[in-house]
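J.: Mind folding the following:
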Amino acid sequence: MALVKVAFTKWFTLGVLFVMIHCDAGRVQASERRQELTLAGPPSVVSFPLIHMVESGALAAFADHVRFEMWSNPDQLRVLVIKKQADIAAVPSNVAANLYNRGAHVRLLNISTWGILWIVSRDKDRFTLPDFQGETIAVPFRGDMPDILFDTLVQEAGLDIRKDFAVRYVASFLDAAQLLLARQIRHALLAEPMVSLVMERSRSLPANAGVADLYRDVSFHVEWGRLFNREKRIPQAGIISIGDCNQELVKAVIDAYASSLEWCQANPEACGALAVKYLGMITVPAAVQAIRSSPMEAIQSSLVKESLSFFYKILLKKNPALIGGKMPDENFYF
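T.: Here you go, the predicted model:
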């Protein structure tokens with residue numbers, strides 16, 4: 001997902017600060033129809049419901065034109081937020097807290113993505129992260145969610161990411177996938193739908209004659225549950241509102257996202273076709289498999305504060321800059 005070097009500190013080093021105008025629960029603004037409403041998200045399953053919301057006209061009552069814009073890197077997301085070029089955006093949960101604590105006019109609306117990260121390997125007999133000790137693993141987005149979670153989990157397992165693994169940082173999930181498919185590396189940390197796409201491509205390579213030689217060895221949400229003795233759910237990503245809050249619109253977005261997610265889960269082929277139309281980089285079968293493999297459930301952020309607080313406290317202890325230096329206050333949650 002997003003690339004944030006050294007815990008997102010660079011995001012606002014240019015002094016880009018917003019005047020905070022929190023949207024407290026008691027300040028309900030009248031609904032005003034907009035000419036355009038922009039929903040933004042990365043090329044990930046977290047964006048699939050946003051795409052369906054656009055296609056289904058779920059927010060047609062609030063704007064003449066509702067559009068989806070894909071962001072592929074942190075610079076693009078930063079521009080979208082700073083210049084308020086999007087109204088709603090799907091982001092990693094730590095990014096949402098980081099933006100909020102650094103003064104951005106955002107609120108976390110929901111958490112929908114509870115685990116989409118996997119170690120994909122050419123070895124089928126590795127079942128936990130400690131099984132990869134001494135191995136070289138391609139890890140995308142140094143300092144961002146994939147790297148943060150990898151470091152968090154191996155530390156909880158009593159290991160050191162720098163001493164016990166040979167981490168090869170790469171710029172993106174695509175770069176890690178290409179190394180894996182080119183057999184330049186045996187293990188890679190990937191996220192859905194790239195996991196499903198790589199598995200599909202592996203089966204299509206001539207040398208494999210339709211037989212996959214890659215395996216989903218370790219899911220991070222399962223490791224999260226095992227190592228922290230908690231439910232196998234990581235509050236990994238959700239959607240934020242950007243700019244002035246119109247609570248009627250925000251509530252409609254929360255409801256529409258939940259409904260669209262349910263539609264995607266009930267209609268994975270149709271949802272996958274929409275994802276391919278907007279995201280381009282994946283195939284319908286890969287999108288379908290990604291939907292079926294991902295623990296997705298849209299829950300309003302105020303209802304999952306315990307899970308988020310547990311996660312944020314870990315990040316705060318690890319590196320306060322990961323979430324903007326402090327725990328987000330009550331106004332962060334919707």
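
J.: what about residue 177, how many neighbours?
T.: If you count neighbours by other Cβ atoms under 10 Å, residue 177 ends up with 23. In this view, the C-beta of every residue, glycine as well, is placed from N, C-alpha and C.

J.: Confirm for me that it is in contact with residue 188.
T.: Yes. Counting by Cβ atoms under 8 Å, residue 177 touches residue 188, with 6.7 Å between them.

J.: Mind listing the shared neighbours of the two?
T.: Common contact partners of residue 177 and residue 188 (Cβ atoms under 8 Å, 6 or more residues apart in numbering): residue 198.

J.: and residue 238, what helix or strand is that in?
T.: Here residue 238, judged by DSSP states H and E, is contained in strand 237-242.

J.: typo on my end, residue 76
T.: For residue 76, the enclosing helix or strand under DSSP H and E is helix 74-82.

J.: Partner strands of the helix or strand following that helix and their direction?
T.: Using DSSP H and E, the helix or strand that follows helix 74-82 in sequence is strand 88-92. Each strand paired with strand 88-92, and its direction, by DSSP bridges: strand 34-41 (parallel), strand 237-242 (antiparallel).

J.: quick one: pLDDT of the closest residue to residue 276 other than its chain neighbours?
T.: Nearest non-adjacent residue to residue 276, counting by Cβ to Cβ, 6 or more residues apart in numbering: residue 284, 5.5 Å away. pLDDT for residue 284: 96.

J.: do the one 5 residues further on as well
T.: On pLDDT, residue 289 comes in at 95.

J.: Just checking, which helix or strand succeeds the helix or strand in which it is found along the chain?
T.: In this assignment (DSSP H and E), residue 289 forms part of helix 284-293. Counting by DSSP H and E, the next helix or strand C-terminal to helix 284-293 is strand 296-300.

J.: Mind listing residues that contact whichever helix or strand comes after that next one?
T.: Toward the C-terminus, strand 296-300 is succeeded by helix 305-318 as the next helix or strand (DSSP H and E). Here helix 305-318 makes contact (Cβ under 8 Å, 6+ apart) with 93-94, 97, 108, 111, 148, 151-152, 155, 230, 233-235, 301, 322-323, 326-328, 333.

J.: 10 Å - rerun?
T.: Defining contact as Cβ atoms under 10 Å, 6 or more residues apart in numbering, one finds that helix 305-318 is touched by 7, 93-94, 96-98, 108, 111, 114, 148-149, 151-152, 155-156, 224, 228, 230-231, 233-236, 238, 299, 301-302, 304, 321-328, 330, 332-333.

J.: Kindly write the ChimeraX command that selects the buried subset of the residues you listed.
T.: Buried residues among the contacts of helix 305-318 (16 or more other Cβ atoms under 10 Å), as a ChimeraX selection:
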select :7,93,94,96,97,98,108,111,114,148,149,151,152,224,228,233,234,235,236,238,299,301,304,321,322,323,324,327,328,332,333
